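>>> no sequence for this one, just the structure:
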């Protein structure tokens, strides 16, 4: 690890860092500078709490405008005009003790996760609505995730608490990513969840196995894994394989259940994905792919509820490409594509095949089974120590969507353009 002040780009990779002491970068990619700053304090005389404690965090805000906006179902969303909005983005702190046999991690504050193309009140949430409004509510508590890790051996450790998701190369804290929006891959992956986790280390390989109530369904039945292979000693170049499966049954289709507002398909899904992080001089490349599906066995005949007539799935890919011009300036482009299949002969296809908007009822901006979403966001970043400014342009295109579920007032538009400016202040050195 080069410095104790560096964090990994993604949710799954973050867990690997805290377990295996890898290093990586955020905001500006892999070039010199543009890392998330942090403050490290050496604590002594506190028994198992002694060691290096690292603190980081900050606050940011943004103003945005978009074309082909959908009608608003909620009032007081931070409107600057018919197609413009503003919001606090993130106000958060991260605390980590990563030395000794007892480790501890806490991430908390007030957070949201803006997602490419998700800008409709008719769906699960509007990622550009004012934070705290009906379309983008505050999280239920101040804690994003926390866990303890006992490491009695250099070959293995055990963690427990509200564990980080093991999936993907992005994280829900926006300054941990080189782009403002997270991709839709991140939006559909497993969330943090309560449970235990086993961490195994051998040479360049780390393996994490987690059993939790991911998606916060209040049912501990999701088994997740992450395999990390470091391609160099510093861990800046690596390959990951990740996934999960639901070992039980979570809720019934169309019936509200405990969770984070996600759909029946996500909560009962299986997923397999892979990602790479590769740094070459001023360039950083982070490609990621995934396949997520709903097993037919997730709905039993005895339940009396609608059953899927086919195997519903989503398949998606994206890549972050960052170029570091100077220690202060960088730019990242993220193309992505998501396809969710449908079955016109299934009257309940929206309950099982709308992964992008979590089986929400059809309406403008909710998309539909059979939709392909293609997106491109470009985020230049200027960062001077603790201050950063990140303008972003984001274009999404829909194909194969049912009339009334696209963009615009009537849901018939295939394209949407979003422009925004984000300003943030980070703590630490």
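Perfect, I can see it now. Just so it is clear, the model here is predicted, and its values are computed rather than measured.
>>> end to end, how far does stretch 272-291 reach?
Here the two ends of stretch 272-291 are set 5 Å apart, with distance taken as CA to CA, to the nearest Å.
>>> and it, what's its mean pLDDT?
Confidence over stretch 272-291, taken as the mean pLDDT, stands at 96.
>>> how about that stretch: buried residues?
Residues 272-279, 282, 284-286, 288, 290 are the ones in stretch 272-291 that count as buried (16 or more other CB atoms under 10 Å). (Glycine included, C-beta is placed from N, CA and C.)
>>> widest-spaced pair of those residues?
Spatial extent of those (CB to CB) is set by the pair 272 and 282 at 32.4 Å.
>>> nearest to residue 390, of the buried residues of stretch 272-291?
Using CB to CB, residue 284 is the member of the buried residues of stretch 272-291 that sits closest to residue 390, with 15.8 Å.
>>> hmm, the closest one is touching residue 322, no?
Yes. Distance between residue 284 and residue 322: 4.2 Å, which falls inside the contact criterion (CB atoms under 8 Å).
>>> near residue 203, how many other residues are there?
The criterion is other CB atoms under 10 Å. On that basis, residue 203 has 7 neighbouring residues.
>>> state the distance from residue 336 to residue 111.
When distances are taken as CB to CB, to the nearest Å, residue 336 and residue 111 turn out to be 22 Å apart.
>>> so where do the helices sit in the stretch 51-200 of the chain?
When secondary structure is read from DSSP state H, counting those that start in this stretch, the stretch 51-200 of the chain shows helices at 184-188.
>>> and residue 264, its phi and psi?
Geometry field for residue 264 lists phi and psi as phi -60, psi -40, criterion degrees, to the nearest 10.
>>> distance of the residue nearest to it when sequence neighbours are not counted from residue 267?
Leaving aside its chain neighbours, residue 264 sits nearest to residue 253 (4.6 Å; criterion: CB to CB, 6 or more residues apart in numbering). Taking CB to CB as the criterion, residue 253 is separated from residue 267 by 10 Å.
>>> ok, now residue 362?
On the measure of CB to CB, residue 362 and residue 267 end up 20 Å apart.
>>> surely residue 333 is in a strand?
Yes. In this structure, residue 333 lies within a strand as judged by DSSP: H, G, I helix; E, B strand; the rest coil.
>>> that one contacts residue 286, correct?
No. Between residue 333 and residue 286 no contact is recorded; they are 11.4 Å apart, counting by CB under 8 Å.
>>> what sits in contact with each of these two?
Each of residue 320 lies in contact with both residue 333 and residue 286 under the rule CB atoms under 8 Å, 6 or more residues apart in numbering.
>>> so which bits of stretch 319-328 are buried?
Counting neighbours by 16+ other CB under 10 Å, the buried set in stretch 319-328 is 319-324.
>>> ok, those residues vs residue 152, which is closest?
For those, the closest approach to residue 152 (CB to CB) belongs to residue 320, at 36.4 Å.
>>> helix/strand/coil for the nearest residue to the closest one once chain neighbours are set aside?
With CB to CB, 6+ apart as the criterion, residue 320 has its nearest non-adjacent residue at 4.1 Å, and that residue is residue 286. For residue 286, the reduced secondary structure class is strand; criterion used: three-state DSSP.
>>> hmm, residue 127 is touching residue 118, no?
Yes. Residue 127 is within contact range of residue 118, at 4.5 Å (criterion: CB under 8 Å).
>>> let's verify the residue in the chain sticking out farthest from the centre: helix, strand, or coil?
Outermost residue of the chain with respect to the C-alpha centroid, by CA atoms, centre = their mean, is residue 45; its distance is 37.8 Å. Reduced to three states with three-state DSSP, the structure at residue 45 is coil.
>>> so who does it touch?
Taking CB under 8 Å, 6+ apart, we find residue 45 in contact with no residue.
>>> tell me the spacing between the nearest residue to residue 359 once chain neighbours are set aside and residue 399.
Counting by CB to CB, 6+ apart, residue 359 lies nearest to residue 263, which is 3.6 Å off, once chain neighbours are set aside. Noted for residue 263: a distance of 21 Å to residue 399, by CB to CB.
>>> ok, those two, which is more surrounded?
In terms of neighbours (other CB under 10 Å), residue 263 is the more surrounded of residue 263 and residue 399; the figures are 26 against 12.
>>> one step back: who's more crowded, residue 362 and residue 267?
Neighbours were tallied for residue 362 and for residue 267 using other CB under 10 Å; the higher tally belongs to residue 267 (27 against 17).
>>> any regions of the stretch 301-429 of the chain where pLDDT drops low?
Scanning the stretch 301-429 of the chain for pLDDT under 70 picks out 301-303.
>>> redo that, cut-off 80
Low-confidence regions of the stretch 301-429 of the chain, defined by pLDDT under 80, span residues 301-305, 429.
>>> can you check the stretch 151-300 of the chain too?
In the predicted model, the stretch 151-300 of the chain carries pLDDT under 80 at residues 249-262, 297-300.
>>> any idea how far residue 120 is from the closest residue to residue 230 other than its chain neighbours?
In space, and not counting its chain neighbours, residue 230 is closest to residue 204: 4.2 Å by CB to CB, 6+ apart. Using CB to CB, one obtains 44 Å as the distance from residue 204 to residue 120.
>>> of those two, which one has the most company?
More neighbours surround residue 120 than the other of residue 204 and residue 120, with 30 against 16 (other CB under 10 Å).
>>> leaving out sequence neighbours, find the closest residue to that one.
Setting aside the residues directly before and after it, residue 120 is nearest to residue 365 in space (CB to CB, 6+ apart), at 2.3 Å.
>>> helix/strand/coil for the one you found?
Residue 365 falls in the coil class when you classify it by three-state DSSP.
>>> could you number the chain from 3 rather than 1 from now on?
Sure, I'll start numbering at 3, so the last one becomes residue 367.
>>> wait, doesn't it sit right on residue 72?
Yes. Counting by CB under 8 Å, residue 367 touches residue 72, with 4.1 Å between them.
>>> what is the host helix or strand of residue 247 packed up against?
Assigned by DSSP states H and E, residue 247 belongs to strand 240-248. In terms of contact count using 3 or more CB pairs under 8 Å, 6 or more residues apart in numbering; DSSP states H and E, strand 240-248 is assigned the packing partners helix 13-22, strand 224-232, strand 272-282.
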